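In: need a structure here:
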Amino acid sequence: MKYFVEVNGVEHVVELTERLGEVLLSVNGDPIAMDFVEVDRLGQFAIIVGERSYGVSIDGDEQSQALTIAGQQYRIEIEDERERAASAASRASGAKGGTVKAIMPGVVVQVMVKEGDHVTAGQPLLILEAMKMQNEIAAPVAGTVARLFAEAGKAVASGERLVLIEG
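Out: All right, here's what the predicted structure looks like:
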C-alpha cells in the first residue's frame with residue numbers, strides 16, 4: 001500500500017509491501033531495512049534500523065500524528081492512495097456537480113441520501129466497504145441528488161457510478 005506522508009511540511013511517498021510474511025518499506029523509492037516492536041498499546045514503539053534502535057512515541061489519529069523520536073517532535077499527516085484518488089476525483093469534478101464514482105471495488109453498506117435531497121460539499125452520501133474498511137463517500141460539491149445508482153448491499157466495481165449530483 002502506498003502512503004503520502006507529510007513530515008513537518010515535506011511530503012514523502014512511503015510504500016509498504018508484505019511479502020512472505022515480511023513487511024518491506026521504501027521511502028521515496030529507496031528501500032529501508034527496519035523492524036519495529038510495539039512496547040505498549042499506548043503508542044510506544046522501538047524502531048530498529050540497522051544496528052541502531054530508537055524509542056518512538058506516537059500521538060494522534062489515523063490521519064494526523066505527532067511522533068517523538070529521541071526527544072525530537074515531528075508533525076505527521078498521512079493520506080493513503082485511496083484517499084489521494086478520492087481527493088483528486090473530487091477536485092476534478094469541479095463545482096458544477098457531476099457523477100460520484102466508486103474509487104475502488106466494494107460493497108455499498110449504507111446510502112445516506114435519496115433522490116431530490118440537497119447536499120453540501122463534504123456531506124456523506126454513502127458508506128462503501130472495501131478491503132475490510134468502511135469508507136465514507138462524500139459529496140464533492142453542493143447540489144441536488146438527481147439520481148442514485150447505488151443501493152445498500154450492492155457490490156460495485158471501481159469507477160462505477162454511485163450518485164449523480166446536479167448543481
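In: Tell me which residues of stretch 105-116 come out buried.
Out: Using 16 or more other C-beta atoms under 10 Å as the test for burial, stretch 105-116 gives 106, 108, 111, 113. In short, each C-beta sits where N, CA and C put it, glycine included.
In: Find me the pLDDT at the most centrally placed residue in the chain, would you?
Out: By C-alpha atoms, centre = their mean, the chain has its centre lying nearest to residue 83, at 3.7 Å. As predicted, residue 83 sits at a pLDDT of 72.
In: and what of the one 4 residues further on?
Out: At residue 87 the predicted local distance difference test score is 64.
In: likewise residue 107?
Out: pLDDT at residue 107 comes out at 91.
In: how close does it sit to residue 68?
Out: Plainly put, residue 107 is 39 Å away from residue 68 if you go by C-beta to C-beta, to the nearest Å.
In: the domain parsing of this structure - what is it?
Out: Domain segmentation of the chain under automatic domain parsing yields 2-80, 93-166.
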